Every structure is written in structure tokens, then in C-alpha cells.
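> 3D model of this:
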Amino acid sequence: MLKKWPFVLMTLTLVFLLAACGSGKNAAQGGETGGTTNEGQAAETPALSGNVLAVGSTALQPLVEQAAQKFMAEDQYKEISVQVQGGGSGTGLTQVSGGQADIGNSDVFAQEKLETGAEELVDHQVAVVAMAAVANPQVGVDNLTKDQLVSIFTGKVTNWKEVGGADQAIVIINRPSSSGTRATFEKYALGTKTEDLPGSIQQDSSGTVKKLIAETPGAIGYLALSYLDDTVTSLKYDGVEANVENVEKGDYPVWAYEHMYTKGDPQPHVKAFLDYILSDTVQQADVVDLGYIPVGGMQVTRDVDGNVTKK
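Have a look, this model is predicted:
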């Protein structure tokens, strides 16, 4: 009986050793598996990708296009493609409401343009745009009152000499009824809607409007500050110059928010682009350089009904 004890002891020792090795191996495997899982989870975080189509306001178009180029050059957004098209605010709002575009760029609140569907849209205000009446440099006028502007755009005044300028017939370069720039100008500069007068020229593109005004004797129209240069004359409004300081203080009334609407909350890759436009990278550089006004710089706010309130 005593002779069996060494064999029993050896057997028990072997069992314990095997159990210990197995436990250690499992623990090691468990730690390795946990690490792999954690690393796998980090590695599996998907990079944003997809296509973004932004359509609408030509007044906002230069900013969106420039921001899009910088956005797509960023490493973290290289899988996102952004396409920007004009067509006017009405087109942008209609297309985003109908699902044909991811973003509808607009110079006006959606409620001002859409008869239905505005309540489904989410408003992202990315900048402020000011608009000025502009004329061909040869008309001999650099300031117009509100009443004079109304008289010109309603056809009561047809020659520049009637408002202190050259003896030159007035040629109106207007925007189509779908244009947010036209809606803003009529609402805040004229205070009334206007009819398309015989002999007036309609153009949807701000760039084309500027070119026509510069090249057409007696021409008058209106442009966002971002399009102004020395090829046209920017007209003061009741003696107040259209510039950033006067807009921010609320002294110059012809301005509007630049809206980028989405239908409901944007998808992650669309939101990434909107967030980028609202970042300091764009707001403190591109917005300012292109003649827009950062929303954060405004000392007043304006609601959909046009009511202005000091901040």
C-alpha cells in the first residue's frame, strides 16, 4: 500500500501542474483577445464617405465652392465629394425639399419661398450677405435714396438725369422671381415687390449680372458685396455705404442670412461639411476674404418677418 503513494503523489502533482498551465494559457489568451478586440474596434471606426450636392443661391456659391475645395483636401474628408451648383435660392430650396439635393443654399428663409415643406427643413445659417445697388460707372451717380430706387425699379424714373446723373437711359439688370437676391433686395431696399419691366434684362448668375452692368451703358442692378469690384459703382443707400461695419451695427438694412438647408438632420458626411463651414478655419478666413460677414460678428439679429433686434 505504501509503495503506491509515490505514484499517487506524482499523479496529483501532474494534474495540478496541467491545470495551472491551462489556466495561465486561458488568461493569456483572454488578455490577448481583449486587446485585439479593442484594437479592432478602434481600427473599424469607419472614415466618413459619400457625395454632397449643394444647390441654390449664386450669392452664396463662391463661399461654398471655396470651402468645398479646402474641405476635400483635408485627409479626414478625402472620401467625401462635394459638388456645388447655382440656380438661385428657389431652386435650392425646392431641390432639397424634394430630395434631389443634400443642401439647399438660400439667401432667404425657407418659409418665404416654399408654399409647403419648409417645416421639414433644418436651417444652418453660415454667414451674412449684404447687397448693394450697383450701376455702370458712367451714370454719374454714387448715391440713391430709397424713393429713387423704388422709382427706378418700378419704371417711374427712366433716365439718370432725373436722379442727378448723366443724360442716359436707365437699363435694369434684374434677377428672376426665383432669386433670393431679388427677394432680399425687394424686401429690404425697396420695401415692395416689383414687376418685370419691358426692356429690363434678367440674369440668374451674379457673375453675369456684374459683367452686364459693367459693359452696358446706363445699367443698374444689385449684387452681393462678395461680387463688388471696381468694374461697377456701388451705390450708397440713403447716404449709407454698404460695408461690413455698417451692416454689423444695423445701420445698413439690405442684408440677409446665408442659409444652408437640409431636409431633417443631415447625414454624417453632410454634417461634417456644414460643421467645417462654421469652423474658425472658414469663418475667420474664407467668409471674410470673400466679402461675407461672419454670423458671430453681427450686433443685430433678424427674424423671418424682417424684425431686427439688437443683441
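> can you tell me the closest non-neighbouring residue to residue 59?
Across the structure, with CB to CB, 6 or more residues apart in numbering as the measure, the residue nearest residue 59 apart from its sequence neighbours is residue 224 (4.1 Å). Quick note: C-beta positions are derived from backbone N, CA and C, even for glycine.
> residue 168 too?
In space, residue 168 comes closest to residue 218 once its chain neighbours are excluded; the distance is 4.3 Å by CB to CB, 6+ apart.
> and the one you found, what's its pLDDT?
For residue 218, the model assigns a pLDDT of 98.
> for it, give its distance to residue 160.
Distance, residue 218 to residue 160, by CB to CB, to the nearest Å: 6 Å.
> ok, the two, which is more surrounded?
residue 160 (23 against 20; other CB atoms under 10 Å).
> my guess is the more buried one contacts residue 141. True?
Yes - with contact taken as CB atoms under 8 Å, residue 160 and residue 141 are classed as touching, separated by 6.2 Å.
> residue 196: what secondary structure?
coil (DSSP: H, G, I helix; E, B strand; the rest coil).
> what touches both of residue 218 and residue 160?
For the pair residue 218 and residue 160, residues contacting each of them under the criterion CB atoms under 8 Å, 6 or more residues apart in numbering are 139, 168-170.
> hmm, which of those residues are the buried ones?
If you count burial by 16 or more other CB atoms under 10 Å, the buried members of those come out as 139, 168, 170.
> for residue 272, give me its contacts.
Residues in contact with residue 272 (CB under 8 Å, 6+ apart) are 48, 77, 80.
> mind telling me what element it is part of?
Using DSSP states H and E, residue 272 maps to helix 268-277.
> which parts of that helix are buried?
Buried residues in helix 268-277, counting neighbours by 16+ other CB under 10 Å, are found at 269-270, 272-274, 276-277.
> just the mean pLDDT for the helix or strand following it, thanks.
Later in the chain than helix 268-277, the nearest helix or strand by DSSP H and E is helix 280-281. On average, the pLDDT along helix 280-281 is 92.
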